[in-house]
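**Q** Here is the input, now give the coordinates:
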Amino acid sequence: MISSKSSALIIKSGSVFLLSQINANLIKCTSTLCYGGALAIFDSHGTIDNSSFTSNSCESNGGAIGIANLSGDTFITSTNITMNAAHSGYGGGISYITDLTASTLYINASKIMENSATCGGGIYLEI
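**A** Residues are numbered from 1 along each chain as shown. Alright, predicted model coming up:
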């Protein structure tokens, strides 16, 4: 298990990303300021493909993945997001908080199951 006070991977403003065959397991973000236990995405866009996020956690929002706004359409494909937890927050699997930009989050051929949170165990969306 990896325990930290920030997300394992942080993608910052204006980035375009391609994450493929990521295996993020047993990552724990212990700070109440943490956003996304394994992965935090801020004002960026891209693709997560053929990946696995299992048994990750954070004290705030996004047990596995925390997304704050997208700068373009973003795709999660062929990815398993299972058994993650947002202990005191929202979105055990994915937390997506947006300011109504024209970007879309597409989730295709993926499994999101057995996640837990105060609200939105699998996915939490706030507009």
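
**Q** which residue lies farthest from the center of the chain?
**A** Most distant from the centre of the chain: Ala102, at 19.5 Å, with distances by Cα atoms, centre = their mean.

**Q** any idea which element that one lies in?
**A** Using DSSP states H and E, Ala102 falls within no helix or strand.

**Q** Can you get me a residue count around Met113?
**A** Look at Met113: counted by other Cβ atoms under 10 Å, it has 12 neighbours. C-beta here means a position set from N, CA and C on the backbone, and glycine is covered the same way.

**Q** before we move on, the earlier item: could you check how far the residue farthest from the centre of the chain is from Met83?
**A** For Ala102, the distance to Met83 equals 33 Å [Cβ to Cβ, to the nearest Å].

**Q** on that earlier part again, which residues sit in contact with the residue farthest from the centre of the chain?
**A** Ala102 makes no contacts at all, as judged by Cβ atoms under 8 Å, 6 or more residues apart in numbering.

**Q** And the pLDDT at the residue most central in space within the chain?
**A** Among the residues of the chain, the one closest to the centroid is Ile65, at 1.0 Å (Cα atoms, centre = their mean). Looking at Ile65, its pLDDT reads 97.

**Q** How about Met1?
**A** You'll see Met1 listed with a pLDDT of 54.

**Q** got it, and Ser7?
**A** pLDDT, Ser7: 83.

**Q** That one and Ser31 touch, don't they?
**A** No. Between Ser7 and Ser31 there is no contact under Cβ atoms under 8 Å: 9.7 Å.

**Q** Tell me how far Ile76 lies from Gly121.
**A** Using Cβ to Cβ, Ile76 is found at 17 Å from Gly121.
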